[in-house]
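Trainee: I'd like to go over a predicted model; first the sequence, then the structure.
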Amino acid sequence: MTESRLDVVVAGAGIAGCVVSGRIAREGYKVALVESKPSSMIGLKVCGDGVGLHDFHEADVTPPTREIERTVRGVKFYADSEQPVFTIRGKGFTLDRQAFGQRLLKEAQDQGVELFPENVVTRALVVNGKVAGVASRHAKGTNTFEASITIDATGIVGAVRSTLPPSWPVSERLERSDIGLGYREFRRLSEDFEDYCSLYYDWDVAPGGYCWIIPKKRYVVNTGLLIPWGIETTKAQLELRFKKFAEANVALRDSEFIRSEIGLVPLRHPLPDAVADGFLAIGDAACHANPLNGDGIGPAMHAAKIAAEVTTACLSRGEDSAEALWRFNVKYMQSQGYRYSANKVLSGLIRNLKSDEIMKFLKALGTRKEYSSGNFFRELSTLDRFHVFLKMSTRPTLLFRLLATVNRINTISSYCERFPEEPSHFPRWLNELNQELAKA
């Protein structure tokens, strides 16, 4: 079965897919939203469930109301399970993820988006070197969705992007080291957890990653660990690691297990080129999550906003080429991508630290007890930086690595903020960027 010609087909009804499809349909275009899950299951995902209020303002998405399970005041960072070393302050929420996904879906449908649930996208339709839609499989057979522009929002699997010709830059494959493996448990505490999300860095439990406790409602917490994929891969192994953390953490020691899940998140820099003729990739499908912690809700909304603006502008001019869609790359990299590319460098340093080194590093950052964002080095005053370096001076090798990392962060941020306005300048720019990233 072939659907009548569409302006846009969006693969994946997660946060990015619902937001981008609704905004494009709002401008009067015919949009199909193709999703593998049943409609009632849309919104369910293994996730930390936390998002900052600023993310909604930046993406022009109405902040949640009924979907809020807890209003939080920031994020606390721990080098052990006892006392936080510093805090990022800022209002945020922990969400009923399914309810939030259902709200975004309804808003998209109210704008005229047609949902095709239980359709597993199998491949891109490529005609004369251009993406012309997608093919899908469902219980009764197959569907094809032909469209002027196709948007891949299928998450880390990149169901459309992964089937494009390998010679296309947008089809870049992820390495195992680019992927994080998350294990989470919902637990009920004997008393309420504080109004902060808490991150714990303990290499004995989560080498190269972290554990978390995120408060939900009625004494329930979302807790778990995230590690680079490849250290251990089975649920049983992850459960054993988490058990060690739960037994040592005072808040979790007498908690009641509710359920557990595992999932994957991208932990690399964003795709430098997320477009092709007739095609865009957004959200986890384009590695738009924050590589420091796997945070993806805010980044997905932000990328969807830019994608909708660029797509509707192209449709209004009757354009769908990679050159026309290139503006997405430019706007994304200049507004958000530069920061996450720099965060990839910082995460590269952190993951290669030894257990005692990560403690030293975090406690040095704790020179400043409060931050207002994750841009730690930009917030440090000259005096703060002096104290950070002084605290690390007892470990000269670590200090030199940190100084080199700070220099590399500044270099890569500068590269990304000067992302080429024209596709013809991209190969040279990318070669230079990759040389810098290879040093991380």
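Mentor: Now that the structure is in, tell me what you want to look at.
Trainee: where does the most centrally placed residue in the chain land in three-state SS?
Mentor: Centroid-nearest residue in the chain: Ala289, 1.8 Å away (criterion: CA atoms, centre = their mean). Following DSSP: H, G, I helix; E, B strand; the rest coil, Ala289 is assigned to coil.
Trainee: you'd agree it is up against His269?
Mentor: No - Ala289 lies out of contact with His269 (CB atoms under 8 Å); the separation is 10.5 Å. For the C-beta atoms, the positions are set from N, CA and C on the backbone; glycine is no exception.
Trainee: got any residues that touch both of the two?
Mentor: Counting by CB atoms under 8 Å, 6 or more residues apart in numbering, the contacts common to Ala289 and His269 are Tyr340.
Trainee: any chance you could map the strands in the stretch 101-250 of the chain?
Mentor: All strands of the stretch 101-250 of the chain, identified by DSSP state E, counting those that start in this stretch, fall at 114-116, 120-127, 130-138, 141-152, 179-188, 197-200, 210-215, 220-228.
Trainee: For the longest one, name the packing helices and strands.
Mentor: Spelled out, it's strand 141-152. strand 2-11, helix 15-26, strand 31-34, strand 120-127, strand 130-138, strand 279-281, helix 297-317 (3 or more CB pairs under 8 Å, 6 or more residues apart in numbering; DSSP states H and E).
Trainee: do you know which of the ones you listed lies nearest Arg327?
Mentor: helix 297-317 (5.0 Å; CB to CB).
Trainee: C-terminal to the closest one, what's the next element?
Mentor: Using DSSP states H and E, the helix or strand that follows helix 297-317 in sequence is helix 322-332.
Trainee: what comes into contact with that following helix?
Mentor: 149, 270, 272-277, 279-280, 288, 303, 306-307, 309-311, 313-314, 317, 419-423.
Trainee: how much space between Asn343 and Ala132?
Mentor: Distance of Asn343 to Ala132, given as CB to CB, to the nearest Å: 35 Å.
Trainee: surely Asp60 meets Lys305?
Mentor: Yes - using CB under 8 Å, Asp60 is in contact with Lys305, at 5.9 Å.
Trainee: more neighbours, these two?
Mentor: Lys305 (22 against 13; other CB atoms under 10 Å).
Trainee: for the more buried one, what are its contacts?
Mentor: Val19, Val20, Arg23, Ala59, Asp60, Val61.
Trainee: From the rest of the structure, what touches stretch 294-302?
Mentor: Against stretch 294-302 from outside (CB under 8 Å, 6+ apart): 14-16, 19, 47-48, 50-52, 54-56, 58-59, 61, 95, 153, 180, 182, 226, 265-267, 282-284, 288-290, 335-336, 340.
Trainee: Make a ChimeraX selection of whichever of those residues turn out to be buried.
Mentor: In ChimeraX, a selection of the buried entries from the contacts of stretch 294-302 looks like this (16 or more other CB atoms under 10 Å):
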select :14,15,16,19,47,48,50,51,52,55,56,59,61,95,153,180,182,226,265,266,267,282,283,284,288,289,290,336,340
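Trainee: circling back to that earlier point, tell me which of the strands of the stretch 101-250 of the chain lies nearest to Val9.
Mentor: strand 141-152 (4.0 Å).
Trainee: Fine by me, thanks again.
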